[in-house]
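Enquirer: give me coordinates for this.
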Amino acid sequence: MKKKVGIGKALVVLVMCGTLTWTACSTAWVNEAEQIVAALIPATANLVALVAILQGKNVSAADLQTIQSAGSQAGADLQLMQSLIAAYQQADAATQPGLLNQIQAEMSAVQSTFNGLLPALHIKDATTQAKITAVVGILLSEVQSVAAIVPLLNPGAAPGMMAMAAKQVRQQSPLTASEFAVSYNATMTAKTGNAELDHAAAGLRIHLHGKSARWASAGLLK
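Expert: Here you go, the predicted structure:
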């Protein structure tokens, strides 16, 4: 399958850490994770942008405030995670485990934010609710999948934790950044039959610009 092939090299290295050098393990994950987080940031911003467009129509002011607050918190945590990943790349072996713990804490914070978002909303329009649920779902799934890899990078992790992490990665491997963008864009722009909602969502794709893997929110581009 395309998903398995796309991130295959990184996952093979991670799952086979016992037979490969630890540097290879870390490098494989960090390079991909850095791009995934860079894609999650504008994807989260576009969720907020969608709700802002619909406020006063299918979305109440209270729900907009809830999503703006969650988006702001998740965005801040993702940006901090991005900084921690960059620091991990430059850190020595003694410092890396501590940075991994911080990265995992930020991932847990993002998961908690997304998990708590949908139950806090009171959107009456079923189509709008379904769209927001789907977009939040793909964001949460990708964060959970990436978070499952972190224990595999820590040589000091307990064998039981390593085994559980490896099993979870095999069951739900993360999409690559590019694959995530394709899936996210398809989910965001999928037709619902609600012309107003479809029009608002159509301009909220995320895009990769250049070899530097810089991601941009289509909702912020003119």
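Enquirer: so what's residue 104 closest to, chain neighbours aside?
Expert: Closest residue in space to residue 104, ignoring its immediate chain neighbours: residue 150 at 4.7 Å, by Cβ to Cβ, 6 or more residues apart in numbering. Heads up, the C-betas are built off the backbone N, CA and C, glycines and all.
Enquirer: repeat that for residue 123.
Expert: residue 129 (4.4 Å).
Enquirer: state the distance from the one you found to residue 102.
Expert: Using Cβ to Cβ, to the nearest Å, residue 129 is found at 35 Å from residue 102.
Enquirer: just checking, what packs against the lengthiest helix in the chain?
Expert: As assigned by DSSP state H, the longest helix anywhere in the chain is helix 22-54. Counting by 3 or more Cβ pairs under 8 Å, 6 or more residues apart in numbering; DSSP states H and E, the packing neighbours recorded for helix 22-54 are helix 8-15, helix 61-90, helix 126-147, helix 150-153, helix 177-189, helix 195-202, strand 206-209, strand 214-217.
Enquirer: average model confidence for the first one?
Expert: Think helix 8-15. Mean per-residue pLDDT for helix 8-15: 44.
Enquirer: over to the third one?
Expert: Average pLDDT, helix 126-147: 92.
Enquirer: okay, the angle between it and helix 22-54?
Expert: 170 degrees (axes from the mean of the first three to the mean of the last three Cα atoms, to 10 degrees).
Enquirer: centre of the chain to helix 126-147, how far?
Expert: 10 Å (Cα atoms, centre = their mean, to the nearest Å).
Enquirer: so for that helix, what gets flagged as buried?
Expert: 128-129, 131-132, 135-136, 138-147 (16 or more other Cβ atoms under 10 Å).
Enquirer: what's the angle from the longest helix of the chain to helix 177-189?
Expert: Relative orientation of helix 22-54 and helix 177-189, computed by the same axes, to 10 degrees: 20 degrees.
Enquirer: distance of residue 143 from residue 49?
Expert: 19 Å.
Enquirer: could you do residue 100 as well?
Expert: For residue 100 relative to residue 49 (Cβ to Cβ), the value is 32 Å.
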